[in-house]
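Novice: sequence first, then the predicted structure:
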Amino acid sequence: MENYMEQMVLFLTKYGLNIIGAIIILILGRIAAGIGRKIIEKLMDRSSVDPSVTSFCGSLVYFGILAFTVLAALAKFGIQTASFIAVIGAAGLAVGLALQGSLANFAAGVLILILHPFKTGHYIEAGGVAGTVKDIQMFTTTLATPDNIKILVPNGKILNDVIKNISGYDTRRIDLVIGIGYGSDIEKAWQILEKIIQSDDRILKDPAYTIAVSELADSSVNFVVRPWVNSADYWATRFDLLKTIKQLFDENDIEIPFPQVTVHKG
């Protein structure tokens, strides 16, 4: 028993301060990790960053500080931590090379959630596809095509391509090209087009609409008709305008020419 007590006293004398120091380092490190996570989460919340990204970045900071804390505690016992750091670095490099495609998609997903080039519900064209954004995840973005086909697009492909956000603004301009025959009355056609535009309540007063003769083509005189509408009214207004223009042109003997082929007998 005396021998055991002597060994215990020698152990505590030799390692006691190191144990106390390691415990203090672990306690302070855990407190610092918690504070660091809270600071990051508050900063990202103020910047209106997506909650999933905020949570991930907070956890990343928390465990990163804890890892350095454990290494610092081990160093108090004279353990060489350089080898641990080298192993962790080598493992990280191997994992990074094996998952570089996935990591690229993950990084792109984080940037999409931070930069907000589009949001859920927006209609976009990106990565060679088009559709309504249904869900933005860390690795992929889910789109629904107009005929309701589900498409999963890698975030890296989206971010490395041109993003065309159709729903990015509250208003859109309808661009129509309406051709009439050379024998038709231009002034009358102009008045009909203007009457149609002015009678549709969905068409905005500001910005002002445009009606102009844009081209004297091979078989038609072409008008451009460019009214502005709210984005939600775009397709319904476009379809109704085309239908009404055809009906009123027919009623007023305004010819809408179509391609014709004349065969001359030799």
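Specialist: Ah, there it is.
Novice: report the separation between Ala130 and Lys150.
Specialist: Separation of Ala130 from Lys150 (C-beta to C-beta, to the nearest Å) stands at 14 Å. All C-beta atoms are positioned from the backbone trio N, CA, C, and that covers glycine.
Novice: pick out whichever of those two has more residues nearby.
Specialist: For Ala130 versus Lys150, neighbours defined as other C-beta atoms under 10 Å are more numerous around Ala130 (15 against 11).
Novice: now the strand or helix carrying the more buried one: buried residues?
Specialist: If you go by DSSP states H and E, Ala130 is part of strand 129-136. For strand 129-136, the buried set under the neighbour-count rule, 16 or more other C-beta atoms under 10 Å, comprises 129, 131-133, 136.
Novice: same thing with stretch 237-253?
Specialist: Neighbour-count burial for stretch 237-253, counted by 16+ other C-beta under 10 Å, picks out 237-238, 241, 244-245, 249.
Novice: could you do stretch 213-228 as well?
Specialist: 214, 220-221, 223, 225-228.
Novice: report the two of those separated the most.
Specialist: The largest separation in those, counting by C-beta to C-beta, is between Ser220 and Trp228 at 25.2 Å.
Novice: pretty sure Leu248 contacts Ile196?
Specialist: Yes: using C-beta atoms under 8 Å, Leu248 is in contact with Ile196, at 6.6 Å.
Novice: next, Leu216: phi, psi?
Specialist: Taking degrees, to the nearest 10, you get phi -100, psi 90 for the backbone angles of Leu216.
Novice: grab the nearest non-local neighbour of it.
Specialist: Computed as C-beta to C-beta, 6 or more residues apart in numbering, the closest residue to Leu216 that is not its neighbour in sequence is Asn222, at 7.7 Å.
Novice: tell me the spacing between that neighbour and Asp240.
Specialist: Here Asn222 is placed at a distance of 21 Å from Asp240 (C-beta to C-beta).
Novice: repeat for Val129
Specialist: For Val129, the distance to Asp240 equals 28 Å [C-beta to C-beta].
Novice: phi, psi for Arg30 please.
Specialist: Main-chain dihedrals, Arg30, degrees, to the nearest 10: phi -70, psi -40.
Novice: extract the C-alpha trace of the helix or strand that the strand holding Ala130 is followed by and format it as PDB.
Specialist: Next in sequence after strand 129-136, counting helices and strands by DSSP H and E, comes strand 140-144. Only the C-alpha atoms of strand 140-144 are listed here, as PDB (Å, rounded to 0.1, in the frame of the first residue of the first chain):
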ATOM      1  CA  THR A 140     -29.000  19.300 -56.200                       C
ATOM      2  CA  THR A 141     -31.800  21.600 -57.200                       C
ATOM      3  CA  THR A 142     -35.200  20.100 -58.000                       C
ATOM      4  CA  LEU A 143     -37.100  21.600 -61.000                       C
ATOM      5  CA  ALA A 144     -40.500  20.900 -62.300                       C
END
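Novice: residues of strand 140-144 that come out buried?
Specialist: Within strand 140-144, the residues scored as buried using 16+ other C-beta under 10 Å are 140-143.
Novice: in a markdown table, list the buried residues of strand 129-136 along with pLDDT and distance to Arg202.
Specialist: Formatted as a markdown table, these follow (pLDDT from 0 to 100; distance: C-beta to C-beta, whole Å):
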| residue | pLDDT | distance to Arg202 |
| --- | --- | --- |
| Val129 | 90 | 29 |
| Gly131 | 93 | 24 |
| Thr132 | 93 | 21 |
| Val133 | 92 | 25 |
| Ile136 | 84 | 30 |
